[in-house]
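Novice: got a structure for you, letters missing:
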C-alpha cells in the first residue's frame, strides 16, 4: 500500500518542545480523531468495513530519533514513510521527530494512509499539533466520521442518479482517443519504483500576476494552472484530446472540514482540440469545465469509473490509474506562523541543491497517485510553490525535468506577459 501513503516532512522553526510534549500532543490527536484509530476489514459479501478502536488500544508510539546529518535524517524518514501498511492493522499512520546534530534542526514527519485522510486532513493535524504544543485547548468536534458517512449515504440514495447521468453524458462526448494510454519510457507494469520529485517557486510578483489574470477572466488561480498544464501536455505530447484529473474538497461545512477523514473526490476534466486557439480560449474552457464539474463533485470517482467501464468496453491496465493519467491538486496553505514554533512550508531537499534554473530534485520512494501530478501551494511570502511528480517506474528523470521546466517556463512567461494570447 506504499503508493497510497501520504508522506510529509517539515522543518521546525522556533523553540522545539521536549520529547514528552510531542508524544503527549500526538496521543491527544489520536484520541481526538477516530481516523487515526481505524483499520479496515472485508465482510463476507466483499464490502470493505472500517473498525475504530479505543485510544487505549493504539500502541504505536510517536517516534523519536537522532541523526548526524540531514541526509541521514531523510534516509531514516523515507524508509519509515515508504514501509507498507497492513490495512487490517491499526493505526494507519506513522509519525515522529528526528533531531539533526549537524545543524541542530528538528524534522517532523508523518506517513498517513489515504484511506484515513487527505491533504486537508494533514493540514488539520499539523495545525492542531502546533496548537497543542503551544498549550492551547482545541474546541470540541461538532461532526464525526459517522455523521459525515450518513450524509453521504443519503446523497447516494436520493440525489446521485442525476449526477451519474451528467458525468456519463460528459465523458461520452469525448473521442475514444482521449482515453488512450500515453507513451512511456518503460513498459507499464505493477512494479513500484518511487517518483521523480521536482519543485520550484514563483515569486510573489509572478504569483500576483497570475492571480490578476485569473480575476480578469472571472476564474480561479486553479483554473489558470489547469490551463497551463493542459498547454504543456499538448506541447510535450502533441495530443489535442485528453483528460486531466483534479481534486475537489467535498466537506460541506467548516465543522465537517475540521474532522480528519478522506474528504476529497477526483474529477476528470475534458480537454478537446487543445492547440487550435490561444491561451485565453484555453483558460475560458478550463474555467467553465472546472466550474461545471464542481457542481457535480459529490458523485464518487469510483462510480464515475464504474459507469464509464460499463459504457466503454475494454479493460484498464491494472498498473494504470482509471480514466486519467495526469492530475493537478492544491495543498492548502498553512495558517500564517505565529511568533512561536511553526513548520517550514517546503520540505527539505537535501539530495540536490537549487540550481540556476531554480528547480530542485529528489528521488522519492513513494510513487504518485497518477503518472504525473502537479501540486501547488501558496507560500507565506506571497509566492507560489510548484511541485511536480512523475512515476519513476514509467519515466526517466530527465523526462520529468523536461516537463517541470516546461511548466515553470510557461508560468513565468505568462506572468510576465499576462495580456498576450500565446499559442
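Specialist: Now that the structure is in, tell me what you want to look at. Computed from a predicted model, the values in this text were never measured in an experiment.
Novice: Going by neighbour count, list what's buried in the strand or helix carrying residue 124.
Specialist: Residue 124 is located in helix 119-133, with elements delineated by DSSP states H and E. Neighbour-count burial for helix 119-133 flags 119-130, 132-133 (criterion: 16 or more other CB atoms under 10 Å). C-betas here are computed from N, CA, C, even on glycine.
Novice: same check, this time on stretch 379-390
Specialist: Within stretch 379-390, the residues that qualify as buried are 379, 383-390, counting by 16+ other CB under 10 Å.
Novice: Stretch 188-201 too?
Specialist: Here stretch 188-201 shows 188, 192, 194-201 as buried, counting by 16+ other CB under 10 Å.
Novice: next one: stretch 303-314
Specialist: In stretch 303-314, counting by 16+ other CB under 10 Å, buried: 304-305, 307-308.
Novice: Likewise for stretch 35-43?
Specialist: Buried residues in stretch 35-43, counted by 16+ other CB under 10 Å: 35-40.
Novice: tell me the secondary structure for the residue lying farthest from the centre of the chain?
Specialist: Using CA atoms, centre = their mean, the residue of the chain lying farthest from its centre is residue 44. It sits 32.7 Å away. State at residue 44, reduced to three classes by DSSP: H, G, I helix; E, B strand; the rest coil: coil.
Novice: Spit out the contact partners of residue 378.
Specialist: By CB atoms under 8 Å, 6 or more residues apart in numbering, the residues touching residue 378 are 207, 333, 384-385.
Novice: how about low-confidence regions in this structure?
Specialist: Per-residue confidence for the chain (pLDDT under 70) gives these ranges: 1-3, 313-315, 334-339, 345-357, 420-423.
Novice: Out of the buried residues of stretch 188-201, flag the one nearest to residue 327.
Specialist: Proximity to residue 327 was ranked across those by CB to CB; first place goes to residue 195, at 13.0 Å.
Novice: Roughly how far does that closest one sit from residue 57?
Specialist: Distance from residue 195 to residue 57, counting by CB to CB, to the nearest Å: 34 Å.
Novice: same for the helix of greatest length in the chain, what does it pack against?
Specialist: When the chain is parsed with DSSP state H, its longest helix is helix 397-416. Under the contact criterion of 3 or more CB pairs under 8 Å, 6 or more residues apart in numbering; DSSP states H and E, helix 397-416 touches strand 195-202, helix 204-216, helix 221-237, strand 360-364, strand 384-391.
Novice: could you dump these to a markdown table with distance to residue 25?
Specialist: Listed next are these as a markdown table, based on distance: least, CB to CB, whole Å:
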| stretch | distance to residue 25 |
| --- | --- |
| strand 195-202 | 28 |
| helix 204-216 | 33 |
| helix 221-237 | 33 |
| strand 360-364 | 27 |
| strand 384-391 | 27 |
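Novice: Looking at those, which is nearest to residue 249?
Specialist: Ranking these by proximity to residue 249 (CB to CB) places helix 221-237 first, at 11.4 Å.
Novice: Buried residues of the closest one, list them for me.
Specialist: For helix 221-237, the neighbour count (16+ other CB under 10 Å) marks 221-234 as buried.
Novice: So what touches it?
Specialist: Outside helix 221-237, the residues that touch it by CB under 8 Å, 6+ apart are 182-183, 210-211, 213-214, 217, 239-240, 242, 244, 246, 269, 271, 274-275, 279, 282-283, 285-287, 290, 326, 328, 330, 374, 376, 402-403, 406-407, 410-411, 414, 422.
Novice: sorry, back to before: nearest to residue 93, out of the helices and strands packed on helix 397-416?
Specialist: Of the helices and strands packed on helix 397-416, nearest to residue 93 by CB to CB is strand 360-364, at 18.2 Å.
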